[in-house]
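*Asks:* Okay, predicted coordinates and the sequence, questions at the end:
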Amino acid sequence: MDMTLLVSKLPPVTRQDVDDAAARLKNWGRWGPDDEIGTLNFTTPEDVVKAASLVKKGRVMSLALAFDNTGPQGGKTKFPPVGRFNPIHLMLRTGTDAYSGVLDKRGIRSADDIVIMPMQCGTQWDGLGHIFFDNYMWNGYDCRLVSSFGAAKCGIEKTREKMVGRGVLLDIARHYKVDTLPDGFGITAAILDEVEKAQGVKVGRGDYLLIRTGQMEAKMAEGNWDFYSGGDAPGLAFDTLDWLHAKQVAAVATDTWGVEVRPNQSEAAGVNQPWHWLCIPILGLTMGEIFFLKELAKDCDEDHVYEFMFVAPALPVTGAVGSPANPLAIK
C-alpha cells in the first residue's frame, strides 16, 4: 500500500474547540466530589469475573518493554526530555562480593540492587495528577495540590486495586496491511468503528482498550529510538475523545510515546497536545503509553480473538503522577 494514502488530513483544533469539548465531555462529579480515579470506576467486580472467563488457553503475554539502558528515552528528540532518562540499575551487593568474602555483619551471602528511574520512562500509566486543564486537575481539584511532595489528590496509589478487567486490542496497522502507520496519521473515531467491525469485537463499558500503530516495532527494527520520545507519530485524533467518552472505557493505551497523533492537530493554533488536555483532567481517563503489542497482535491475528483478560496494576507509590507497569494479556 502507498503509505501516503494513509496520511489523514485532520482539521486544526482551536482553543474554542478545546473549551467546547471540555464542557461537553467533563466527568467532574460523576462519581462524587471526592473521586480520584475517574473512568476506572467503570470496571465493576462483575466485569472482572467476566474477564477471567476469557482465559481459554492459559497464554500470558507481557506488554512491557524491559526497563534498562536500552529503553526509549535513549534516542534523539525534538525537544528537551523533561527530565526523563532510561533506568539506571545499580548493584548494592553482588556474588563477586560474596565470593571474595565481603559480607554483611550477619554473614549472609546474597545480592541486592536498586533502580533509579523516572516513573514514566518506559511502559507506563499516566495518572490523573499528570496533566492539568488551566489551573485544575481531575474532578476540579486545584493543580497546586500536586507539589514538590507529590500529588495530594489523584496519586497513582489510589488505583492500586484497578487496572484489571477485559482488554480489547484494535490493531489499526494490521487492518491497513502495513507494518506501521505513518507519522502524523490520525486515528479517527470512524476508523475505530471500522476496525471494531472488521475484527468482530465491540469496545464497551469498563474495558481496557489497547491500540496498535506499529510505530514501536518500526523503531525496534531500525535499532534506535530516535524521535520516538516526543517526535512525530501516528495516534488518536481529537474526535476520539467523544468516542471514548460514549464507550465508557476504563483506560486506553497505545504502542506510541504519547497516544495522540503528532504533530497534533493544534500546534499551529498554540494548543499543544489538546487530546491530553481533555483525556486526563476532564474525562478522568487513565492512559497508558509505550506498550509493547507485537506478540499480542500476532496471537490475536492467529486465533481471531481480540479480547482477553487484562492485568496491569500500577506501583502504589504514594503521590506519584505516573507509574511503570508490566501489563499482562491473558488468553
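*Replies:* Sure thing, it's come through.

*Asks:* and A312, what does it touch?
*Replies:* Going by C-beta atoms under 8 Å, 6 or more residues apart in numbering, A312 touches L63, W125, M163, V164, Y208, G288, A325, N326, P327, L328. Any C-beta I mention is one placed from the backbone N, CA and C, and that applies to glycine too.

*Asks:* E295 versus that one, what's the distance?
*Replies:* Remark: distance between A312 and E295 (C-beta to C-beta, to the nearest Å) = 15 Å.

*Asks:* quick one: the helices in this protein?
*Replies:* Assigned by DSSP state H, the helices in the chain fall at 15-25, 45-52, 95-100, 172-175, 189-199, 215-222, 240-247, 274-279, 294-303.

*Asks:* just those helices: most buried one?
*Replies:* Using mean count of other C-beta atoms under 10 Å, the stretch among those with the largest mean neighbour count is helix 274-279, at a mean of 24.

*Asks:* you'd agree F149 is up against T318?
*Replies:* No. Using C-beta atoms under 8 Å, F149 is not in contact with T318, being 9.8 Å away.

*Asks:* Comparing those two, which residue is more hemmed in?
*Replies:* T318 (11 against 8; other C-beta atoms under 10 Å).

*Asks:* Go ahead and confirm that one touches R160.
*Replies:* No. Assessed by C-beta under 8 Å, T318 is found out of contact with R160, at 10.2 Å.

*Asks:* Can you add neighbour count and give the contacts of A312 back as TSV?
*Replies:* Below are the contacts of A312 laid out as TSV (neighbours: other C-beta atoms under 10 Å):
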residue	neighbour count
L63	25
W125	29
M163	22
V164	21
Y208	30
G288	27
A325	22
N326	15
P327	25
L328	19
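
*Asks:* coming back round to it: any idea which of the helices of the chain scores lowest on pLDDT?
*Replies:* Of all the helices of the chain, mean pLDDT reaches its minimum on helix 95-100 (a mean of 89).

*Asks:* how far does that one sit from the chain's center?
*Replies:* For helix 95-100, the separation from the chain centroid amounts to 41 Å (computed by C-alpha atoms, centre = their mean, to the nearest Å).

*Asks:* ends of stretch 292-311, how far apart?
*Replies:* Stretch 292-311 has an end-to-end distance of 14 Å (C-alpha to C-alpha, to the nearest Å).

*Asks:* quick one, what contacts R212?
*Replies:* R212 makes contact with L169, L170, D171, I172, A173, R174, T254, D255, L293, A297 under the criterion C-beta under 8 Å, 6+ apart.

*Asks:* same check, this time on Q120
*Replies:* Counted by C-beta under 8 Å, 6+ apart, Q120 has contacts R84, D126, H130, E289, G322, P324.

*Asks:* returning to what we had before: max pairwise distance over the contacts of R212: which two?
*Replies:* R174 and T254 (14.2 Å; C-beta to C-beta).

*Asks:* ok, the contacts of Q120 vs P281, which is closest?
*Replies:* For the contacts of Q120, the residue nearest P281 by C-beta to C-beta is H130; the value is 8.8 Å.

*Asks:* what's around that closest one, how many residues?
*Replies:* Applying other C-beta under 10 Å, we find 23 residues neighbouring H130.
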